[in-house]
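>>> Just the structure for this:
(4 chains)
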Protein chains: 2
Amino acid sequence: MLQHPDLDQLLHAIADPSRRAITERLSTGPAAVSDLAKPLRITLAAVLQHVQVLERAGVVRTEKVGRVRTCQLQPDAFRSLEQWIADRRLLWERRFDRLGQLLDEPDAD
Amino acid sequence: MLQHPDLDQLLHAIADPSRRAITERLSTGPAAVSDLAKPLRITLAAVLQHVQVLERAGVVRTEKVGRVRTCQLQPDAFRSLEQWIADRRLLWERRFDRLGQLLDEPDAD
DNA sequence: CGCTTACTAAAGCGTCTGCTTGACTTACCC
DNA sequence: GGGTAAGTCAAGCAGACGCTTTAGTAAGCG
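Model prediction:
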């Protein structure tokens, strides 16, 4: 089994609904941690923890100015995930190509 | 926060390394549960549980013939995920467009 | 200066999750 | 029919996870 630590972290990060909501919010523009917390029914502390997970996973970039930490989506956040999906599809389709070849071939046995 | 039950299940399914390994194996072609278990250092029972999770998430289709259950990747397994990523990117880029417009505009105040 | 706002760190708690074990069931093979 | 292989079900367990509470730091503000 190949290990993909980044993919692992990335998927774990966006698998959680709250973190996905944060990601969705941030895709419309930067926001402070307390901004992210507002629509979210959970504590600011919890939101901070989510942001930290997202940051470790490379989904979000963060910068603190004064007392406010501003969060921003990392542009190529999902690249490795998209690549993984593309790889799956490639292998899957290659399989059908091979199958088609076998069926198209005149019986050579 | 918008709810996406399928996306939720899908991400939870492929966030686990063992389940991702199973998915990777299946993208090269169908396999029985015990085939999936062989390279995996975990019990057959555990593999079965993973397969069930993947099936509920729509990643895998399954059919039992005799005593062997054959597993197969669902072709459009990741569609909703790809859509979600595309949506994020769209909003993200739209934001830069707006920003560019503001900067390009001659000062209109 | 005191007051509020914005975040942070640590500890604790209940729940979920991945996994194992053990007991079956059912199919194939001789 | 007996033996083995493939899968299934149900409990149970240890660790991870999401969240809260509590306590604290530091920045802005009048």
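
>>> what bits of chain A have low per-residue confidence?
Applying pLDDT under 70 to chain A picks out residues A:1-5, A:97-109.

>>> Spell out whether stretch A:52-63 and DNA strand D are in contact.
Yes - using C-beta under 7 Å from any atom of the strand, stretch A:52-63 reaches DNA strand D at A:Val53. In this view, the C-beta of every residue, glycine as well, is placed from N, C-alpha and C.

>>> Name the nearest residue to A:Val33, sequence neighbours excluded.
A:Arg69 (5.2 Å; C-beta to C-beta, 6 or more residues apart in numbering or on different chains).

>>> Look up phi and psi at the residue of chain A found nearest DNA strand D.
Residue of chain A nearest DNA strand D, by C-beta to the nearest atom of the strand: A:Gly66 (2.3 Å). Dihedral pair for A:Gly66: phi 60, psi -130, per degrees, to the nearest 10.

>>> What residues of the helix or strand containing A:Arg69 count as buried?
When elements are assigned from DSSP states H and E, A:Arg69 belongs to strand A:68-73. With burial defined by 16 or more other C-beta atoms under 10 Å in any protein chain shown, the residues of strand A:68-73 counted as buried are A:69, A:71, A:73.

>>> In terms of secondary structure, what does that strand contact?
Secondary-structure packing of strand A:68-73 (3 or more C-beta pairs under 8 Å, 6 or more residues apart in numbering or on different chains; DSSP states H and E): helix A:17-26, strand A:31-32, helix A:33-37, helix A:44-56, strand A:60-65.

>>> can we see that at 7 Å?
Here strand A:68-73 touches helix A:17-26, strand A:31-32, helix A:33-37, strand A:60-65, going by 3 or more C-beta pairs under 7 Å, 6 or more residues apart in numbering or on different chains; DSSP states H and E.
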